[in-house]
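>>> Here is a sequence with its predicted model. Questions after.
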Amino acid sequence: MPGEVRLTDGRFHFHPEQWTQALTTAITLIPGRRISRDFTTWSAPASQVHAVRDTAHAHGLTPVGMARILFHQAPEPPTVRRNGGTYELRFDYRDQTLAAAAAAAGARWFEPAHSWVATNGTRVHAWAALAGAAIDPAALAAMADDQDRENRIRASAAATTDWHPTQPLGIELYPEQRAGVQYVIQIAGCRAIIGDEPGVGKTAQALAIINETESVPAIIVVPGSLKLNWQREAARALPGRSIEILRGRKPADRLLWPDIIILNYEILQAWLPYLPTPAAVIGDEFHMIKNPGTQRTQATITLMSRSTGPRLGLTGTTVLNDLMELQPQLEAIGVLDEYAGRKFGATYKATPLKLNADLRARHYVRRLKKDVWADAPDRRWIPVYVEGDPAIMEEYRRAEHDMITHVQEKARTAAIKAGATAGEAWARAQEAGIRASAAEFLVAITHLKQLAARAKLEASVDFAKTFLQTGEKLGVYAWHTTIVDQLAEQLRAVKVQGGMTDAAKDAAVRAFQTAKDVRVFVGQIATAGLGLTLTAASKAMILEQGWTPGIMDQVLDRHHRRGQEHDVVGWLMLVDGTIDTDIYDLIQAKRKVVDQTTDGFERHTEDTGGTVLADLLVRLLKRDK
């Protein structure tokens, strides 16, 4: 007699006359099996009756007593029921198809319950359909919740949607931007971190959310270098809304407030007692409040807690170094309690993937450029409007006034010389005279451009340093040697400019391309705009514009070459109300014509820029002093 199988205390015990390797191996495949403390006897749970019966028959073991009765029972049908926070799966283990299906459902054997358990309701539901398992009502309800969670997680990364704004908006949203707005309003309840990669369009989405929910007054808190850019974008997206930038640290009580209030983090604490109760608060570059102990963070949290509507944080780099940087951000938008509150760190420190899934299911949008720009142009120019240094701007205004006076006097002389007297003939003669003598003004215009560059240098450096927190590399460009030198010094960059040897230029490029600790390349446009490969960076910041689309595009072409895996973005740093914006508008108009004419984005470099210079002088001719 080879041996017996007995049932004692809810477990089958194996008693062979002689243990063999084949029997031992077969028993170890039964879920819930274990060996006795003296290592003499194996046992398996009664719930695995069919697996035990098959093993006993295969190895000549005879069932005794209750074991014999259970061996002859019909197999129970598969079932799924809810047990605490898990799904409990019961099925005939002999059926290898069901065993494989249980593995696909992410199930594991749980000894105390003598059954398989799983946590993913969607996968369990698929298994149940395959196995024909009965599902109890509690499990069905939990599965519906799990499916809803997965749908919300997918929505957080959606690149398109059928949803469209219901309120008139001054800009056209891309599909991925519409999907982001829909997620924030319908899923996140307007309390969210929009963490899209730079370039996807977080600003447009935030403004669209304010518009869709009609949440004014809205207070937008940003780095100082981005205030003017936000003002310009808000004016485009929300036509008809009043907009104001707050400045300085000496606020005063006031009765009337605009619809859109923009201020920087550095002055928020001073303005906090005076600001109106906001219907919405937006924090741009939201990772700037990563340190809970700073005045900036506490002021932002206080302001957001007063919002009666949307609370939005915008950042492409939600976490720079440590997961705990998210805690003050979640507190600011008012959802920290949904992520374990003050136990946030203990709950998620070791499970960042779970945190990501939990965030995406409720309060976090994140899309990458490569996922949403498949059909978009392979490179983009983005204007960034910054405030100029006040002292330098005074010098600029005086120089511009003198320039306009000179232009207008030159035009008047030309009109008199042409014999024009009044009306349209006088205006045409003035314009013709200025265009004919445009080259005479190049030195004066260059001086104005240099003053504008000096005025925006500090804000541009701040912008660059904020971007560098992402860990990416950056190309920076300017026209004048003095500006290039200052940028290279303040950003600790390698540089390429006029007067350098070819060997020195090559060494700078190689260091930028290969050395991890070389983060910034500064180039003089006339020298670094041609012949270099700078694919280590996909972002460029340009302080001083050229005169043609071709010259400007050559800058981005240094980064947009073979080996570049990312879309290339060029940030044009502009000081509003200066010839910066005039030149930008004229180049954009010229770019549109060039692009439409060539049916693509072919670059034209043969234009010397004379037409843009002449058009600029005509603008100055018509400008009030």
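Sure thing, it's come through. Keep in mind the model is a prediction, meaning the values are calculated, not measured.
>>> Pull the contacting residues for the closest residue to residue 229 other than its chain neighbours.
Closest residue in space to residue 229, ignoring its immediate chain neighbours: residue 385 at 4.5 Å, by C-beta to C-beta, 6 or more residues apart in numbering. C-beta coordinates here come from the backbone N, C-alpha and C atoms, glycine included. The neighbours of residue 385, taking C-beta atoms under 8 Å, 6 or more residues apart in numbering as the test, are 228-229, 231-232, 574-576, 581.
>>> Go again with 10 Å.
By C-beta atoms under 10 Å, 6 or more residues apart in numbering, residue 385 lies in contact with 225-233, 456, 459, 572-577, 580-581, 584.
>>> Now list the buried members of those.
225-233, 456, 459, 572-575, 577, 580-581, 584 (16 or more other C-beta atoms under 10 Å).
>>> I'd like the list of these that fall within helices, please.
Those of the buried ones among the contacts of residue 385 mapping onto helices are 227-233, 459, 580-581, 584, per DSSP state H.
>>> which stretches of the stretch 351-500 of the chain have low pLDDT?
Scanning the stretch 351-500 of the chain for pLDDT under 70 picks out the ranges 370, 373-378.
>>> Could I get the full set of strands for it?
Taking DSSP state E, counting those that start in this stretch, the strands of the stretch 351-500 of the chain run over residues 364-365, 379-386, 474-478, 494-496.
>>> hmm, who's touching the shortest one?
So that's strand 364-365. 153, 155-158, 176, 179-184, 187-188, 192-196, 200, 202, 205, 312-314, 318, 326, 330, 335, 355-359.
>>> give the contact list for the residue nearest to residue 257 when sequence neighbours are not counted.
Nearest residue to residue 257 in three dimensions, chain neighbours excluded: residue 276, at 4.7 Å (C-beta to C-beta, 6+ apart). For residue 276, the contact set (C-beta under 10 Å, 6+ apart) comprises 216-217, 219, 254, 256-258, 261, 306.
>>> What subset of the residues you listed is buried?
Looks like the contacts of residue 276 have 216-217, 219, 257-258, 261 buried, using 16+ other C-beta under 10 Å.
>>> What is the nearest of the residues you listed to residue 237?
Taking C-beta to C-beta as the measure, residue 237 lies nearest residue 216 of the buried ones among the contacts of residue 276, at 12.9 Å.
>>> Wait, that closest one touches residue 257, no?
Yes: the pair residue 216 and residue 257 qualifies as a contact (C-beta atoms under 10 Å) at a distance of 9.3 Å.
>>> Could you name every residue contacting both of those two?
With C-beta under 10 Å, 6+ apart, residue 216 and residue 257 have common neighbours 242, 276, 278.
>>> Let me have these in TSV, extended by distance to residue 47 and secondary structure.
Below are the shared contacts of residue 216 and residue 257 laid out as TSV (distance: C-beta to C-beta, whole Å; DSSP: H, G, I helix; E, B strand; the rest coil):
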residue	distance to residue 47	secondary structure
242	71	coil
276	65	coil
278	59	coil
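>>> Now these in CSV, please, with extra columns for pLDDT and distance to residue 553.
Below are the shared contacts of residue 216 and residue 257 laid out as CSV (pLDDT from 0 to 100; distance: C-beta to C-beta, whole Å):
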residue, pLDDT, distance to residue 553
242, 97, 37
276, 96, 45
278, 98, 41
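>>> show me the contacts for residue 351.
323, 357-358.
>>> ok, it to residue 264 distance?
36 Å (C-beta to C-beta, to the nearest Å).
>>> for this structure, what helix or strand is lowest in average pLDDT?
Taking mean pLDDT, DSSP states H and E as the measure, the helix or strand of the chain with the lowest value is helix 579-598, at a mean of 66.
>>> that older thread, which of the contacts of strand 364-365 count as buried?
153, 155-158, 176, 179-184, 187-188, 192-196, 200, 202, 205, 312-314, 318, 326, 330, 335, 355-359.
>>> Show me which parts of the helix ranked longest in the chain are buried, residue by residue.
Using DSSP H, we find that the single longest helix of the chain is helix 390-417. Using 16+ other C-beta under 10 Å as the test for burial, helix 390-417 gives 392-393, 396, 399-400, 403-404, 407-408, 410-412, 414-415.
>>> can you list the domains in this protein?
3-71, 79-154, 156-372, 380-625 (automatic domain parsing).
>>> Please give the centre-to-centre distance between the third one and its chain.
For domain 156-372, the distance between its averaged C-alpha position and the chain's averaged C-alpha position is 12 Å (C-alpha atoms, centre = their mean, to the nearest Å).
>>> how many neighbours does residue 58 have?
Neighbour count of residue 58, defined by other C-beta atoms under 10 Å: 11.
>>> what's the distance between it and residue 566?
59 Å.
>>> in which helix or strand would I find residue 116?
strand 115-118 (DSSP states H and E).
>>> That strand: partners in the sheet, and parallel or antiparallel?
The pairing partners recorded for strand 115-118 under DSSP bridges are strand 86-90 (antiparallel), strand 108-110 (antiparallel).
>>> Now render those strands as TSV, adding mean pLDDT and distance to residue 558.
Below are those laid out as TSV (pLDDT from 0 to 100; distance: least, C-beta to C-beta, whole Å):
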stretch	mean pLDDT	distance to residue 558
strand 86-90	90	56
strand 108-110	81	54
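>>> Redo those strands as CSV? Include distance to residue 124.
Shown next, in CSV, are the strands paired with strand 115-118 (distance: least, C-beta to C-beta, whole Å):
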stretch, distance to residue 124
strand 86-90, 5
strand 108-110, 12
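>>> For residue 257, give me its contacts.
216-217, 219, 242, 244, 274-278.
>>> out of those residues, who's nearest residue 367?
Taking the contacts of residue 257 together and measuring to residue 367 by C-beta to C-beta, the closest member is residue 219, at 25.9 Å.
>>> so the closest one bridges to which residues?
residue 261, residue 281.
>>> thought it was touching residue 274?
No: under the criterion of C-beta under 10 Å, residue 219 makes no contact with residue 274, lying 11.5 Å away.
>>> between those two, what contacts are shared?
246, 257.
>>> returning to that earlier point: pick out the most distant pair among the contacts of residue 276.
Checking the contacts of residue 276 with C-beta to C-beta, the most distant pair is 256 and 306, at 18.7 Å.
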